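Chemist: Coordinates for the following, if possible.
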Amino acid sequence: MECRHVQQTKFRYYDAVAYKRANPPKAAIHTQFLRTGRIDRDVSWSPSEKRYLSYQEVAERTGRKLERAGNVTHDRINGFHETIQFPKLIFHRTLAQTPHLGYCHITVANSRFAEFPNVQWAFYMTNFLAEIGDEDQFFAGISKKPGRMYFAIAITPTEEEGRLTIDRKVRGNGVIFRTDDPKLAMKNVLMLGARNEALRKVIRAI
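Modeler: Residues are numbered from 1 along each chain as shown. From the prediction side, this is the model:
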């Protein structure tokens, strides 16, 4: 899937994989004919056209990729040590105006901090780089460069039943950690789940 910018804020997306398959280089067509004796012309639209995708289609493709990555990340964390096990709570959201960008919730747990005996937190990953903003615009300064980001935020229940919000009493903005390094993200999550100093020492040495 690829996108191109239209005007200033509007994106159009097309199925780049299908387009390339429908328009192979001439050398590839020649090689295919020599190997099979035929040329596959089974395409559902003109080979010279691009099939543009709706925002819903893009969001669905993005969501599948995010959840696959979230499952892999969770499995790696839970595979480290039998005493560090986090619940798998995988779900995703895509950004409304740019559905090729999104984030995936991976797990939630409770940990002790120096000044807080019991902090509930949630761990996420995104397929973009950004700063963690405020309530009105959580992701600020989204980078145009491709990348992946991992972060954990402190959360607390709201007056509205079943809803959570960022607990900004923790570390001033509620952000426990934020990194684009998957190894560091894994270490941080494991440290939050470690129950004794001996295990924390092992994790620090990773």
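Chemist: what comes into contact with the longest helix along the chain?
Modeler: Ranked by residue count under DSSP state H, the longest helix found in the chain is helix 55-78. Contacting residues not belonging to helix 55-78 are listed as 1, 3, 13, 53, 84-86, 88, 90-92, 94, 99-107, 125, 127, 148, 150, 182, 186, 189-190, 193 [Cβ atoms under 8 Å, 6 or more residues apart in numbering]. All C-beta spots, glycine's among them, are computed from the backbone N, C-alpha and C.
Chemist: Only whichever of those are buried, select them in ChimeraX.
Modeler: To isolate the buried subset of the contacts of helix 55-78 in ChimeraX, counting by 16 or more other Cβ atoms under 10 Å, use the following:
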select :3,13,53,84,86,90,92,94,99,100,101,102,103,104,105,106,107,125,127,148,150,186,189,190,193
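Chemist: about what we covered before: could I get the buried residue list for the longest helix of the chain?
Modeler: 55, 58-59, 61-63, 65-67, 69-70, 73-74, 77-78.
Chemist: hang on, the earlier thing: in helices, which of the contacts of helix 55-78 appear?
Modeler: P182, M186, V189, L190, G193.
Chemist: which ones are touching the second one?
Modeler: So the one you mean is M186. Applying Cβ under 8 Å, 6+ apart, the residues contacting M186 are T73, R76, I77, F80, I206.
Chemist: For it, give me the pLDDT.
Modeler: Note on M186: pLDDT of 97.
Chemist: Alright, I will stop here.
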